[in-house]
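Colleague: Please find the sequence and the predicted model below.
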Amino acid sequence: MAFILLGFIILSLVLFPSIWVKRVLKKYSIPANRYSGSGSDLARYLLDKESLKHIKIEETEEGDHYDPENKVVRLSKENFNSQSLTSITVAAHEVGHAIQDRDQYSALILRTKLVKISLGIEKIGAGILMVSPFIGIITKAPGLSVLVFLSGLLTLLSSTVIHLITLPTEFDASFKRALPMLEEQNILKDGDMPHARQILTAAAMTYVSASLMSLLNIARWWAILRR
């Protein structure tokens, strides 16, 4: 019973950030016409104000993000077209990353490098996890299979670690870049500032949520190993 309770607590701690982030972003996505311009309109306006006219804005299905290599702010379909508080606040957050790039913010540079490394490591890890059972069968050495399996788990864990290490980049984009822009340009309607702070916190916490969710995947593989 104690183990079941502990498991429930751990699962709750892992899932809660993801649930909270989705709840906040969804809550302030209504009404969808609260502002006169869309998320993409605001992103263009803020980029131009910051002398970043060369930065493009694109609609994406891969989640809101800034691409420092191609110099593109990418917004989900909802945030690209919607005129909600969530849309314009998330757009400001991604513009914050573009400003970090312009200013050569060291944490963003580090994250960009680590993400490249992580993508390669994740592919290797996934490959190792897939072939590890067969290695044990072919070599008839279960210990080798376990060693290869553990190597795969460690590579998957790298993405979790990288997200947590680079979390300061997200909070900087939210509260040292996006929030001041929203205030200085007098973008928000009366009463929306506290809600925008919540949304900016949620935008920053997205990576924490992703990191914790990846831990569930690692735990699943670990459970398989223990069988």
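Modeller: Arrived safely.

Colleague: From now on I want contacts and neighbour counts done on CA atoms only, so please keep to that.
Modeller: OK.

Colleague: Could I get the full set of strands for this structure?
Modeller: Per DSSP state E, the chain carries strands over the ranges 56-60, 65-67, 72-76.

Colleague: Nearest to residue 104 among the ones you listed would be which one?
Modeller: Of all the strands of the chain, strand 65-67 sits nearest to residue 104, with 13.9 Å by C-alpha to C-alpha.

Colleague: so what's the closest residue to residue 53 other than its chain neighbours up against?
Modeller: In space, residue 53 comes closest to residue 47 once its chain neighbours are excluded; the distance is 6.1 Å by C-alpha to C-alpha, 6 or more residues apart in numbering. Counting by C-alpha atoms under 8 Å, 6 or more residues apart in numbering, residue 47 touches 53, 55, 95.

Colleague: Backbone torsions only: list them for the first one.
Modeller: Taking degrees, to the nearest 10, you get phi -70, psi -20 for the backbone angles of residue 53.

Colleague: Tally up the residues packed near it, please.
Modeller: 12 (other C-alpha atoms under 10 Å).

Colleague: Next one: it from residue 167, what distance?
Modeller: 27 Å (C-alpha to C-alpha, to the nearest Å).

Colleague: Just say which of the strands of the chain is most tucked in.
Modeller: Highest mean neighbour count among those (mean count of other C-alpha atoms under 10 Å): strand 72-76, with a mean of 23.

Colleague: What strands line up against that strand, and which way round?
Modeller: Within its sheet, strand 72-76 is paired with strand 56-60 (parallel), strand 65-67 (antiparallel), according to DSSP bridges.

Colleague: quick one: which of those is nearest residue 79?
Modeller: The nearest among these, by C-alpha to C-alpha, is strand 56-60 at 8.7 Å.
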